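K.L.:
What follows is a predicted protein model with its sequence.
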Number of protein chains: 2
Amino acid sequence: MKAKTKNISIVLYKPKYAGNIGSVARAAKNMGISKIVVVGTADYDREAMEQRSTHLAADVLDQIQYFESIEETLGGFNYIVGTTARLGKARGPFVSPRAAAQKIADLSQKNKIALLFGPEDTGLANDQLRLCHSVVTIPTSSEFTSLNLSQAVMILCYEIFIASSAAGVPAEATPKLALSSETEGMYQQIKDLLGKIGFLNPENPEYWMLDLRRFFSRSGLLSREVKILRGICRQLEWYARHKNT
Amino acid sequence: MKAKTKNISIVLYKPKYAGNIGSVARAAKNMGISKIVVVGTADYDREAMEQRSTHLAADVLDQIQYFESIEETLGGFNYIVGTTARLGKARGPFVSPRAAAQKIADLSQKNKIALLFGPEDTGLANDQLRLCHSVVTIPTSSEFTSLNLSQAVMILCYEIFIASSAAGVPAEATPKLALSSETEGMYQQIKDLLGKIGFLNPENPEYWMLDLRRFFSRSGLLSREVKILRGICRQLEWYARHKNT
């Protein structure tokens, strides 16, 4: 089965160097992916980008979309894959590029996929990883773990390219996942409800929410399921109000 | 089986750009390989190399060996792997990076291995490929086959690194799932609660529950997560009762 690479986008969160964006464009196009989204600013030196993309990937540069906020960027995607080299407790669970690639190749049949990469120096923070359905960590030598941004992009795109040419789940068996904007709306509603009933510590409401996000992400929620869950939340709120009067 | 990475060298045949040598040094060191040999001249701009290697891979640059002739260079190796993007008849037989990596990882236990890469513009000529025991070709999109030199090095080194460490995810990172008895207790509690608030049709309470079971099953719930979910249910029940009195 072939991945639908037109459903796959590289999302660069606040990249620092124009040259790296160019290298990313080249690497992505080598592996059949030509959609790049940059979050932050649109103020990059075109010449520095083109020097690294080569003129053969300049079309990828032309089509780059620029957004200011990450929520706005990710709202239209069904499945978001983060990447990190820092293996903090609250940041996982982590998957290998190979395992992620298989899943991405299958899901891309029916879903918009974002491959999210952080800035060169710091990588993605917990605030951005929270928005991801899975987090890829690229295995490296323990002596030198810091990958160049475009090298990290290449490894993930290469694995997706390889996974796409192997047999996978047939398209008709691939689930159509809820959009990130739908699930984020649901999380907000759950957070409100849990706050109301005193389950969440108002000082740190994200603490338990992260656990909830994690297993909902693993399960790959469908639109229908998001609607059911939101219906349950609404009914709980109604019930509480009703009992009150 | 672990590859003996000290037995593996990257051999760059007449690279054109110092910056690419720096990028190769960084990529190789990321994957535990720190021997680089350059064939041709030793006349490269150190600053351009270091800018791309970062100071963390500067030690790899310090150890680069320079040779004038390719025969002299390759004489000390037991197994030579060429790389090419051009699939001429006389140039193969070609193997994939993954297949080559497995063999390289095994052979490196007892053999000196050279991974041979050609100049950025032309790649290796038949004269150099002739010296190789096998020739790797990296799969790319047919629309844009020209890989950056350091990206090609990275893909092969990455595959060797993966092939050398048999297990991907370490045992301690493998999740321990909740017992069926734990999840069944949770489903019963959720069903009771949803019945109480009038969400489930008492005639057919299993109807919505099946949806809930499905995505909880897909997610592979942990014990900790079952406890959190049951805690939320308890709190909801408590809240309902409390509001009532």
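P.N.:
Everything's here; your move.
K.L.:
tell me the contacts of the residue most central in space within chain A?
P.N.:
For chain A, the residue nearest the mean C-alpha position is A:I80 (2.3 Å; CA atoms, centre = their mean). Contacts for A:I80 (CB atoms under 8 Å, 6 or more residues apart in numbering or on different chains) come out as A:74, A:113-114, A:116, A:131-133, A:180. Bear in mind the C-beta positions are built from the backbone N, C-alpha and C, glycine included.
K.L.:
can you check A:I138 too?
P.N.:
By CB under 8 Å, 6+ apart, A:I138 lies in contact with A:83, A:85, A:97, A:147, A:152, A:155-156, B:158.
K.L.:
Go through the residues you listed and give me the one with the most neighbours.
P.N.:
Within the contacts of A:I138, most neighbours by other CB atoms under 10 Å in any protein chain shown means A:I155, with 30 neighbours.
K.L.:
secondary structure class for that one?
P.N.:
Assigned with DSSP: H, G, I helix; E, B strand; the rest coil, A:I155 falls in the helix class.
K.L.:
measure it to B:V153 for me?
P.N.:
Counting by CB to CB, to the nearest Å, the gap from A:I155 to B:V153 is 12 Å.
K.L.:
Contacts only, for A:H55.
P.N.:
Contacts of A:H55 by CB under 8 Å, 6+ apart: none found.
K.L.:
Show the pLDDT at it.
P.N.:
Predicted confidence (pLDDT) at A:H55: the value is 94.
K.L.:
what about it, distance to A:L12?
P.N.:
Taking CB to CB, one finds A:H55 at 21 Å from A:L12.
K.L.:
picking up where we left off before, could you verify that the residue nearest to the centre of chain A is part of a helix?
P.N.:
No - applying three-state DSSP, one finds A:I80 to be strand, outside a helix.
K.L.:
and stretch A:6-23 with chain B, contact?
P.N.:
Yes - Stretch A:6-23 comes into contact with chain B when judged by CB under 8 Å from any CB of the partner chain, the residues involved being A:S23.
K.L.:
The helix or strand containing A:V24 versus helix B:18-30: what angle between them?
P.N.:
Per DSSP states H and E, A:V24 falls inside helix A:18-30. On the basis of axes from the mean of the first three to the mean of the last three CA atoms, to 10 degrees, helix A:18-30 is oriented at 70 degrees to helix B:18-30.
K.L.:
helices or strands up against helix A:18-30?
P.N.:
Judged by 3 or more CB pairs under 8 Å, 6 or more residues apart in numbering or on different chains; DSSP states H and E, the packing partners of helix A:18-30 are strand A:8-13, strand A:35-39, helix A:46-53, helix A:58-62, helix A:149-164, helix B:149-164.
K.L.:
Dump the contacts of A:I80 to a markdown table, plus pLDDT, distance to chain B and neighbour count.
P.N.:
Below are the contacts of A:I80 laid out as a markdown table (pLDDT from 0 to 100; distance: CB to the nearest CB, whole Å; neighbours: other CB atoms under 10 Å in any protein chain shown):
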| residue | pLDDT | distance to chain B | neighbour count |
| --- | --- | --- | --- |
| A:L74 | 94 | 20 | 24 |
| A:I113 | 95 | 17 | 27 |
| A:A114 | 97 | 20 | 23 |
| A:L116 | 98 | 20 | 27 |
| A:L131 | 90 | 17 | 23 |
| A:C132 | 91 | 15 | 23 |
| A:H133 | 89 | 11 | 26 |
| A:S180 | 90 | 17 | 22 |
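K.L.:
okay if I get those as TSV plus secondary structure?
P.N.:
Below are the contacts of A:I80 laid out as TSV (three-state DSSP):
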residue	secondary structure
A:L74	helix
A:I113	strand
A:A114	strand
A:L116	strand
A:L131	coil
A:C132	coil
A:H133	coil
A:S180	helix
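K.L.:
Quick check: the farthest pair among those?
P.N.:
The distance between the two most remote of the contacts of A:I80 (CB to CB) is 13.6 Å, for A:I113 and A:L131.
K.L.:
so where is chain A shaky, pLDDT-wise?
P.N.:
Within chain A, the stretches with pLDDT under 70 are A:1-2, A:90, A:167-170, A:243-245.
K.L.:
What residues does A:G185 make contact with?
P.N.:
A:226, A:230.
K.L.:
A strand includes it, no?
P.N.:
No - read with three-state DSSP, A:G185 is helix and lies in no strand.
K.L.:
For B:Q128, see how far away it is.
P.N.:
59 Å.
K.L.:
Now do the buried residues in stretch A:114-127.
P.N.:
For stretch A:114-127, the neighbour count (16 or more other CB atoms under 10 Å in any protein chain shown) marks A:114-120, A:123-124 as buried.
K.L.:
count of residues packed around A:E47?
P.N.:
Residues lying near A:E47 (other CB under 10 Å) number 10.
K.L.:
Quick check: longest helix in chain A by residues?
P.N.:
If you go by DSSP state H, chain A has its longest helix at helix A:223-244.
K.L.:
Just want the angle from it to helix B:223-244.
P.N.:
Using the same axes, to 10 degrees: helix A:223-244 against helix B:223-244 is 30 degrees.
K.L.:
Mark out where each domain of chain A begins and ends.
P.N.:
A:5-172, A:180-244 (automatic domain parsing).
K.L.:
isn't A:Y13 right up against A:F117?
P.N.:
Yes - if you go by CB atoms under 8 Å, A:Y13 and A:F117 touch, sitting 6.7 Å apart.
K.L.:
Can you work out which residues contact both of these two?
P.N.:
The contact sets of A:Y13 and A:F117 overlap at A:L124 (CB under 8 Å, 6+ apart).
K.L.:
Go through the domains of chain A and pick out the most buried.
P.N.:
domain A:5-172 (a mean of 20; mean count of other CB atoms under 10 Å in any protein chain shown).
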